[in-house]
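Chemist: got a structure for you, letters missing:
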C-alpha cells in the first residue's frame, strides 16, 4: 500500500542550504523507491482556510519505506539542511489499499 511524504514549505531563510538540499535529497528518495509526484505547483484551495503556496508530495511503495527514508543516515544531512534553511510542515501518510 502506497505511502506519502507531504511537505509544505512556509519560509526559506537560507537559499544556499536549500539549494544544497535540492541538489542531493532526490537521490536519497530514489534509494527508498520513492518518486516525486508534486513539486511546487500552484495549489488552489477549494475548501477551508488552508492556502498553501507550494507543496511537495513524494510517494513510496509502503509506509515502512517512507519511514526508513525519513529516518535514514543517507537523508539525515539533507534533512538537517532543510530544517536549518527553511521552515515548514511535514507529514507521513499511509495510503489505502487499491480497490479490487
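Modeler: Perfect, thanks for sending it. Computed from a predicted model, the values in this text were never measured in an experiment.
Chemist: Do a quick rundown of the strands in the chain.
Modeler: Along the chain, the segments classed as strands by DSSP state E run 3-12, 35-40, 55-60, 86-94.
Chemist: what helices or strands is the lengthiest helix in the chain leaning on?
Modeler: Secondary structure of the chain per DSSP state H: the longest helix is helix 15-31. Contacting helix 15-31 under the criterion 3 or more CB pairs under 8 Å, 6 or more residues apart in numbering; DSSP states H and E are the following elements: strand 35-40, helix 63-70, helix 76-85. Glycine gets a C-beta too; all of them are placed from N, C-alpha and C.
Chemist: so how far is residue 58 from the closest residue to residue 96 other than its chain neighbours?
Modeler: In this structure, residue 96 finds its nearest non-sequential neighbour in residue 1, 6.8 Å apart by CB to CB, 6 or more residues apart in numbering. Distance of residue 1 to residue 58, given as CB to CB, to the nearest Å: 15 Å.
Chemist: of those two, who's got more company?
Modeler: residue 58 (23 against 10; other CB atoms under 10 Å).
Chemist: Mind listing the residues bridging to the more buried one?
Modeler: As for beta bridges, residue 58 partners with residue 5, residue 36 under DSSP bridges.
Chemist: ok, it - contacts?
Modeler: Applying CB atoms under 8 Å, 6 or more residues apart in numbering, we find residue 58 in contact with 4, 5, 7, 29, 34, 35, 36, 37, 66.
Chemist: again, 6 Å this time
Modeler: Taking CB atoms under 6 Å, 6 or more residues apart in numbering, we find residue 58 in contact with 5, 29, 34, 36.
Chemist: Drop anything exposed from those.
Modeler: 5, 29, 34 (16 or more other CB atoms under 10 Å).
Chemist: Neighbours of residue 75, how many?
Modeler: When neighbours are defined as other CB under 10 Å, residue 75 has 20 of them.
Chemist: I'd say it and residue 29 touch.
Modeler: No - using CB atoms under 6 Å as the test, residue 75 is too far from residue 29 to be in contact (8.0 Å).
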